[in-house]
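>>> Based on what follows, work out the 3D shape:
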Amino acid sequence: MASLPPPQLPPLDGSIPVLPGFLDFHAANNPNHPWALFPSVLEKGTQAISFSDLAAATHRIAHAVRPDREGVNGEVIALIIHCDTVLYVATLIGIVRAGFVVSLALRTKRLPRSIYGS
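You can find the predicted model right below:
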């Protein structure tokens with residue numbers, strides 16, 4: 001990976017909402033900095049997902065779950081998803097970007113069997 005300058009850090013004074021604000025800040029100010037690093041399967045070393053890659057993915061997810069932001073902002077939804085961390089974070093931020101509030105306080109003991117199996 002090429003040498004990058006030190007990243008600019010977002011203000012912590014509350015002027016930027018955490019999600020998706022911090023991601024948007026990094027995508028604008030540190031677009032090529034890695035958000036996540038993985039061992040490369042194609043060559044020796046690592047491969048990265050940059051802040052700009054993650055931000056673009058969250059915009060695609062937001063449009064998929066709420067095209068043209070139709071409907072009411074602030075609706076609460078539950079997110080039940082079984083996937084890797086990268087997809088989970090992109091999906092969570094994309095749903096927030098779409099204007100939804102995500103309920104993460106789900107207890108599987110209380111969910112109907114039709115959701116989590118027998």
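>>> Which parts of this structure are helices?
23-29, 51-65, 85-97, 113-116 (DSSP state H).
>>> how close does the residue nearest the centre of the chain sit to residue 12?
The residue lying closest to the centre of the chain (CA atoms, centre = their mean) is residue 90, at 2.8 Å. According to CB to CB, to the nearest Å, residue 90 stands 24 Å off from residue 12. Quick note: C-beta positions are derived from backbone N, CA and C, even for glycine.
>>> Ok, residue 77 next?
Plainly put, residue 77 is 28 Å away from residue 12 if you go by CB to CB.
>>> again with residue 91
Separation of residue 91 from residue 12 (CB to CB) stands at 26 Å.
>>> isn't residue 30 right next to residue 7, touching?
Yes: if you go by CB atoms under 8 Å, residue 30 and residue 7 touch, sitting 4.4 Å apart.
>>> Neighbour count for residue 91 and residue 12, which is higher?
It is residue 91, of residue 91 and residue 12, that has more neighbours when counted by other CB atoms under 10 Å, with 20 against 8.
>>> follow-up on the earlier one: and the helices of the chain as JSON lines, adding mean pLDDT?
As requested, these are exported to JSON lines (pLDDT from 0 to 100):
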{"stretch": "helix 23-29", "mean pLDDT": "98"}
{"stretch": "helix 51-65", "mean pLDDT": "97"}
{"stretch": "helix 85-97", "mean pLDDT": "94"}
{"stretch": "helix 113-116", "mean pLDDT": "57"}
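>>> export those to TSV and tack on distance to residue 72?
Converted to TSV, the helices of the chain look like this (distance: least, CB to CB, whole Å):
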stretch	distance to residue 72
helix 23-29	23
helix 51-65	14
helix 85-97	14
helix 113-116	24
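>>> coming back round to it: nearest residue to the residue nearest to the centre of the chain in space, please, no chain neighbours.
residue 57 (4.5 Å; CB to CB, 6 or more residues apart in numbering).
>>> Alright, calling it a day.
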